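Undergrad: have a look; sequence and predicted model below, questions after that.
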Amino acid sequence: MTSLQDYVQRWRDRAAGTWDSLRRLIGGKPESVDRPAQRLCALSGALLSESGEYASSALAQETLSAYQALDESGRREFFDVLARDYSPSPEAVASAARAYQADPSADNLIRLQQSVEAPRQELFRRLNMAPGGTAGLVEMRGWLLRRLKENPQWRLVDSDLTHLLRSWFNRGFLRLERIDWHTPAAVLEKLIQYEAVHAIDGWRGLHRRLEADRRCFAFFHPQLPDEPIIFIEVALTQGMATSVQPLLAVETPVASPVDSDWAMFYSITNCQEGLRGISFGNLLIKQVAEELERELPQLKRFATLSPIPGFRRWLDRQRGERPGELESVELMRFCAYYLLRAKQDREPLDPVARFHLGNGASLERLNWMGDTSPAGMARSAGLMVNYEYRLNELERNHERYWRGQRIAASSQVEKLARECTLAAPAEGGPAA
């Protein structure tokens, strides 16, 4: 029986032998096949031409390893090749489009769909067959995203990777797990490493966030079993929390969870840069709220204690345009105006507001000096906001937001926005 090593050697030989046919593809010379990036391109071509599943898996592993061994310049060369030479054939697309236009049959539609799919998508699918392939492709996209701005020609590659990762990381593949002090240390260490909203001060700080009056949940994927995809931290409180420092302080007394009536979502962190732009948070918040309601039936109110990351930059621009106007008494009004009226393509300018309001939450309250940490002062001028998740209103609020850009907001926040000196005299009633 042919061994796995024989298969690997066979496809190493075949990859080198395909070099002449791949010269146009990678723009090099036959004698330079040993250059790492060009060898990777040859392996990629051989992988795409293979039909046997066993051999494909072995060759996929060899190809992925070759990619991971590339240096910075080699990876850049490889992505240039993917963008330039692994795109659909314009002639094939045009021919299939003409055929479908002349006869919109099922067969012609299938042919058109096949013609517009880039060959690099099939390459990524085959790389995903390698052990660790899914994690490797997530890392590949993370590397690409960090350099995409300076290499806009790679947007085609990113689009194909995003399309596939969105399918592979849909809700059906994710499992929700509660993180507690008994979770393996390797995962707990990653919470400290990944936390992006409120830094965790070592093991003592993490332990406080996992006490009886706290909850932490994460999504995991079967191909990344020890890597949280996204996690959310929850404080069980009496009343709506208005300041984050008591929730983070290790010396805060531990309360009994059965005495709580609010669940406060105070930190949501996406862990994998290569999955940026693939939304998990909306699913996570709603599922966690349902889990908490089952565990603690007295919990009926769910809200966030959220930063306002774009406010300080926007505020500084207003200060430049209107010097002397931004007294402290106006700060809350300016923040309400920013959240309700400052727009980006008809949606709120603030990214956290876009996320929660798009999920169907309501903008409930602004909190003066809700985060007095250096990060909180720098990004939000110390202010924080509560977005409330009323489970029986989420669907209605979501529809009103996406159909008419109508924001669900409390009368208190609406009043603050109307009183802002930026508000036009004719501005009237609430937007929701």
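TA: Here it is on my side, so go on.

Undergrad: how close does Glu77 get to Arg341?
TA: 47 Å (C-beta to C-beta, to the nearest Å). From N, CA and C alone the C-beta is placed, and that goes for glycine too.

Undergrad: the two - which one has more neighbours?
TA: Using other C-beta atoms under 10 Å, the more surrounded residue of Glu77 and Arg341 is Glu77, with 21 against 18.

Undergrad: tell me which element that one is part of?
TA: Assigned by DSSP states H and E, Glu77 belongs to helix 72-85.

Undergrad: whichever helix or strand comes after that helix: which residues count as buried?
TA: Using DSSP H and E, the helix or strand that directly follows helix 72-85 along the chain is helix 90-102. Along helix 90-102, these residues count as buried under the neighbour rule (16 or more other C-beta atoms under 10 Å): Val93, Ala96, Ala99, Tyr100.

Undergrad: ok so, going back, check which helices and strands the helix holding Glu77 is in contact with.
TA: When contacts are defined as 3 or more C-beta pairs under 8 Å, 6 or more residues apart in numbering; DSSP states H and E, helix 72-85 packs onto helix 19-26, helix 36-49, helix 155-168.

Undergrad: could I get the contacting residues of the nearest residue to Pro307 once chain neighbours are set aside?
TA: Computed as C-beta to C-beta, 6 or more residues apart in numbering, the closest residue to Pro307 that is not its neighbour in sequence is Ser380, at 5.2 Å. Shown in contact with Ser380 (C-beta atoms under 8 Å, 6 or more residues apart in numbering): Pro307, Ile308, Pro309, Phe311, Arg312, Gly370, Asp371.

Undergrad: would you turn the residues you listed into JSON lines with distance to Cys41 and secondary structure?
TA: Putting those into JSON lines (distance: C-beta to C-beta, whole Å; DSSP: H, G, I helix; E, B strand; the rest coil) gives the following:
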{"residue": "Pro307", "distance to Cys41": "44", "secondary structure": "coil"}
{"residue": "Ile308", "distance to Cys41": "47", "secondary structure": "coil"}
{"residue": "Pro309", "distance to Cys41": "41", "secondary structure": "coil"}
{"residue": "Phe311", "distance to Cys41": "47", "secondary structure": "helix"}
{"residue": "Arg312", "distance to Cys41": "46", "secondary structure": "helix"}
{"residue": "Gly370", "distance to Cys41": "53", "secondary structure": "coil"}
{"residue": "Asp371", "distance to Cys41": "49", "secondary structure": "coil"}
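
Undergrad: looking at the residues you listed, which is nearest Trp203?
TA: Nearest to Trp203 out of the contacts of Ser380 is Asp371 (C-beta to C-beta; 23.1 Å).

Undergrad: can you give me the strands in the stretch 101-250 of the chain?
TA: Counting by DSSP state E, counting those that start in this stretch, the stretch 101-250 of the chain has strands at residues 175-178, 214-220, 230-237.

Undergrad: what strands line up against the first one, and which way round?
TA: Read it as strand 175-178. Applying DSSP bridges to the sheet, strand 175-178 is found paired with strand 214-220 (antiparallel).

Undergrad: quick check: angle from the strand it pairs with to strand 230-237?
TA: Strand 214-220 and strand 230-237 meet at an angle of 160 degrees, taking axes from the mean of the first three to the mean of the last three C-alpha atoms, to 10 degrees as the criterion.

Undergrad: look up phi and psi at the residue nearest to Leu349 when sequence neighbours are not counted.
TA: In this structure, Leu349 finds its nearest non-sequential neighbour in Ala342, 4.1 Å apart by C-beta to C-beta, 6+ apart. Backbone torsions of Ala342, given as degrees, to the nearest 10, read phi -70, psi 130.
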